[in-house]
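Student: Pasting a predicted model and its sequence here:
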Amino acid sequence: MVNNKTKVTFLFPGQGAQYPSMALDFLASSKTAATLFALASEAMGRDIQALLRDSDAEFLKRSDIAQPTVTLANLCVAAFLKDRYLRPVCVAGHSLGEYAALVSSEVISPMDCLKLVVARGKAMQETVEHIAGSTDSAPGMAAIIGLASDQVESLVSSSGIADLYVANINSPGQVVVAGTAKALGRAEEIFKEAGARRVLRLQVAGPFHSPLMAEAADKFGPVLESTPFKDPAIPLFSNVSGKAVSSGTEARELALKQITSPVRWIAEEAAIAALDIEMALETGPGKALQGLWKDSGIKLPIFAAGKVEDITTLFEN
């Protein structure tokens, strides 16, 4: 099914894909993964192997924990594929997943990536706790299933609900909104009355990709500015623009905007599918991006590559 000449795109999942003990199979199978685990432990200042082994799902949900651990898992998968001489034609990442894509396109180094996501996760967690502390309820995100993106955008703008924003334009039938708990609660009834099949609260810790995260962007900006960014070695697609990134300077600017801007995943998928590729791989934990890719109507296949077993199967068939 896959060999080192297959034209693939690596799609990296983001926060919400985490689960206990993820990526430990790569640690047991790859020297490169062992190096990445050591770098992640250094960046976090704690033993990340023990963290993944001993933590429950609720603790892993925290932004300051999920962001470095999911990124580590994504990097381990990409490294394992490259150890098998599979190189992507282009890369993209959904939300947090964009940081592993920056590494795969050689814009930033693995260590700089891990340092960035540690700082990003910390800034976001602090911001979420500040919002929750001021509103007596936790902010978050909800997926609206069964309404088109323009319907959701229209409902959000006309609802008059404060602190409610379109955050992820994921597929023709799935848009994610972000907001305070009060805003999400009020909006749920509006979306269902408009015909949404489901309004599903997501397992993430905050109202990401919305203006509610401006405080996190302010904290994270100086860290980004001090990190070297190179021009992409292969096409890298941006959540903010939905288009290919032209330079390292643009990549840094977009990384900051991404914190408060919607993820335009439909546009990214379409731009990627227009290139000369044969298949997509979900290069990290979970199956969320496989579902979105299939929902987009793109005819090219997509496969799981989040575990050693997945990758072994891809190369054997």
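Tutor: Right, received. Where do you want to start? Numbers count the residues shown, from 1 in each chain.

Student: which residues does residue 241 contact?
Tutor: Contacts were defined as Cβ atoms under 8 Å, 6 or more residues apart in numbering; by that measure residue 241 touches 254, 264, 267. Where C-beta positions appear, they are placed from N, C-alpha and C, glycine not excepted.

Student: quick one: it is in a strand?
Tutor: No - in this structure, residue 241 is coil, not part of a strand, as judged by DSSP: H, G, I helix; E, B strand; the rest coil.

Student: Tell me, what's the model's pLDDT at it?
Tutor: Residue 241 carries a pLDDT score of 97 in this model.

Student: separation between the residue lying closest to residue 70 once chain neighbours are set aside and residue 125?
Tutor: When the adjacent residues along the chain are set aside, residue 70 lies closest to residue 18, with 5.1 Å between them (Cβ to Cβ, 6 or more residues apart in numbering). Separation of residue 18 from residue 125 (Cβ to Cβ, to the nearest Å) stands at 14 Å.

Student: Residue 83 now?
Tutor: Residue 83 is 33 Å from residue 125, by Cβ to Cβ.

Student: the more surrounded of these two?
Tutor: Applying other Cβ atoms under 10 Å to residue 83 and residue 125 shows that residue 125 carries more neighbours, namely 19 against 14.

Student: Test my guess that residue 1 contacts residue 314.
Tutor: Yes - assessed by Cβ atoms under 8 Å, residue 1 is found in contact with residue 314 at 5.4 Å.

Student: Show me which of those two is the more surrounded one.
Tutor: Using other Cβ under 10 Å as the criterion, residue 1 and residue 314 rank with residue 314 on top: 21 against 11.

Student: Pull out the buried positions in the helix or strand encompassing that one.
Tutor: Residue 314 belongs to helix 308-316 when assigned by DSSP states H and E. Within helix 308-316, the residues scored as buried using 16 or more other Cβ atoms under 10 Å are 308, 311, 314.

Student: surely the second one meets residue 81?
Tutor: In other words, residue 311. Yes - at 6.5 Å, residue 311 and residue 81 qualify as touching, with contact defined as Cβ under 8 Å.

Student: Identify the contacts common to those two.
Tutor: Contacts common to residue 311 and residue 81, judged by Cβ under 8 Å, 6+ apart, are residue 305.

Student: sorry, back to before: in strands, which of the contacts of residue 241 fall?
Tutor: Using DSSP state E, the subset of the contacts of residue 241 located in strands is residue 264.

Student: among the contacts of residue 241, which ones are buried?
Tutor: Buried members of the contacts of residue 241, counted by 16+ other Cβ under 10 Å: 254, 264, 267.

Student: so what sits against both of residue 1 and residue 314?
Tutor: Joint contacts of residue 1 and residue 314 (Cβ under 8 Å, 6+ apart) are residue 303.

Student: Using CSV, write down the CA coordinates of stretch 207-223.
Tutor: In CSV, the C-alpha atoms belonging to stretch 207-223 read as follows (Å, rounded to 0.1, in the frame of the first residue of the first chain):
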residue,chain,number,x,y,z
PRO,A,207,-11.9,28.5,23.7
PHE,A,208,-9.1,28.1,21.2
HIS,A,209,-8.8,30.0,17.9
SER,A,210,-10.9,32.9,19.2
PRO,A,211,-10.4,36.4,20.4
LEU,A,212,-10.9,35.0,24.0
MET,A,213,-7.3,33.7,23.7
ALA,A,214,-5.7,37.2,23.1
GLU,A,215,-4.0,37.1,26.5
ALA,A,216,-2.2,33.9,25.5
ALA,A,217,-1.1,35.4,22.2
ASP,A,218,0.4,38.4,24.1
LYS,A,219,2.3,36.0,26.4
PHE,A,220,3.5,33.7,23.5
GLY,A,221,4.5,36.4,21.1
PRO,A,222,7.9,37.2,22.6
VAL,A,223,8.8,33.4,22.6
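
Student: For it, which outside residues touch it?
Tutor: Residues from elsewhere that reach stretch 207-223 (Cβ under 8 Å, 6+ apart): 15, 95, 115-116, 119-120, 123-124, 126-128, 130-131, 139-141, 163, 165, 167-168, 178-180, 206, 239, 256, 258-263.

Student: Can you list the buried residues in that stretch?
Tutor: Per 16+ other Cβ under 10 Å, stretch 207-223 contains these buried residues: 207, 208, 209, 210, 212, 213, 215, 216, 217, 219, 220, 223.

Student: ditto for stretch 107-125
Tutor: Under the neighbour-count criterion of 16+ other Cβ under 10 Å, stretch 107-125 has 107-108, 110, 112-125 buried.

Student: pretty sure residue 131 contacts residue 140?
Tutor: No - taking contacts as Cβ under 8 Å, residue 131 lies outside contact range of residue 140: 10.1 Å.

Student: any common contacting residues for these two?
Tutor: Both residue 131 and residue 140 are contacted by 206, 207, under the criterion Cβ under 8 Å, 6+ apart.

Student: that older thread, check the contacts of residue 241 against residue 75 and report the nearest one.
Tutor: residue 254 (19.8 Å; Cβ to Cβ).
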